[in-house]
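Q: Fold the following and give me the result.
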Amino acid sequence: MAEAKQFCADVLALDPSIRFAGVADSTGMSVHFVYRDGLVPLLSQEETVKSMLQAVLRSGTRVTLENKLGECAYTLSLYKKVKRVTIPLRPPTTSRPNAILMISLDANVNHDAVIDGKVMPFLQQARLEL
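A: Residues are numbered from 1 along each chain as shown. Below is the predicted model of the structure:
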């Protein structure tokens, strides 16, 4: 799991507005996450793991429509305190289907600049074995 820890740290380092980066495999059981230094998390560790499992399940349900809509690049949830982004990890980034990367961003950040400008290009180059 050291590789997943480094992967999350690398995502976190992409932009100072990234609060959290976490990965989960297709079962939601293999979960690793890191927080920005000095950050007081909004969720407990147990709530974070539960949230990531729920995101894996939701991501898996979207696959059923991809033959008509195209692949889901990411989903964004806007909360009052934070923006959360779930990104399906696909080959060649990972060999496991339905693995995800979840990040949270400061609520006031331009998420397009972070996601499309930094995170997605990073993922095109990254490799992760979960």
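Q: What strand or helix carries residue 10?
A: helix 2-12 (DSSP states H and E).
Q: Tell me the buried residues in that helix?
A: For helix 2-12, the neighbour count (16 or more other Cβ atoms under 10 Å) marks 4, 7, 8, 11, 12 as buried. All C-beta spots, glycine's among them, are computed from the backbone N, C-alpha and C.
Q: which secondary structure elements does that helix contact?
A: strand 18-24, strand 31-35 (3 or more Cβ pairs under 8 Å, 6 or more residues apart in numbering; DSSP states H and E).
Q: any residues touching it, and which ones?
A: By Cβ atoms under 8 Å, 6 or more residues apart in numbering, the surrounding residues in contact with helix 2-12 are 18, 20-23, 30, 32-36, 101, 103, 119, 122, 126, 128-130.
Q: Sort out which of the residues you listed are buried, if you could.
A: Of the contacts of helix 2-12, these count as buried by 16+ other Cβ under 10 Å: 18, 20-23, 32-36, 101, 103, 119, 126, 128, 130.
Q: rewinding a little: now the helices and strands packed on helix 2-12 as TSV including mean pLDDT and distance to residue 81?
A: TSV is the format used below for the helices and strands packed on helix 2-12 (pLDDT from 0 to 100; distance: least, Cβ to Cβ, whole Å):
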stretch	mean pLDDT	distance to residue 81
strand 18-24	95	10
strand 31-35	91	14
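Q: quick one: which of those strands is nearest residue 61?
A: strand 18-24 (15.1 Å; Cβ to Cβ).
Q: can you list the weak-confidence ranges in the protein?
A: Confidence mapping of the chain against pLDDT under 70 gives the ranges 1-2, 130.
Q: which residue ends up closest to the midpoint of it in space?
A: residue 102 (1.8 Å; Cα atoms, centre = their mean).
Q: Compute the inter-axis angle for the longest helix belonging to the chain and strand 18-24.
A: Counting residues, the longest helix in the chain under DSSP state H turns out to be helix 45-62. The directions of helix 45-62 and strand 18-24 differ by 70 degrees, with axes from the mean of the first three to the mean of the last three Cα atoms, to 10 degrees as the criterion.
Q: What are the buried residues along helix 45-62?
A: Within helix 45-62, the residues scored as buried using 16+ other Cβ under 10 Å are 48, 49, 51, 52, 55, 56, 59.
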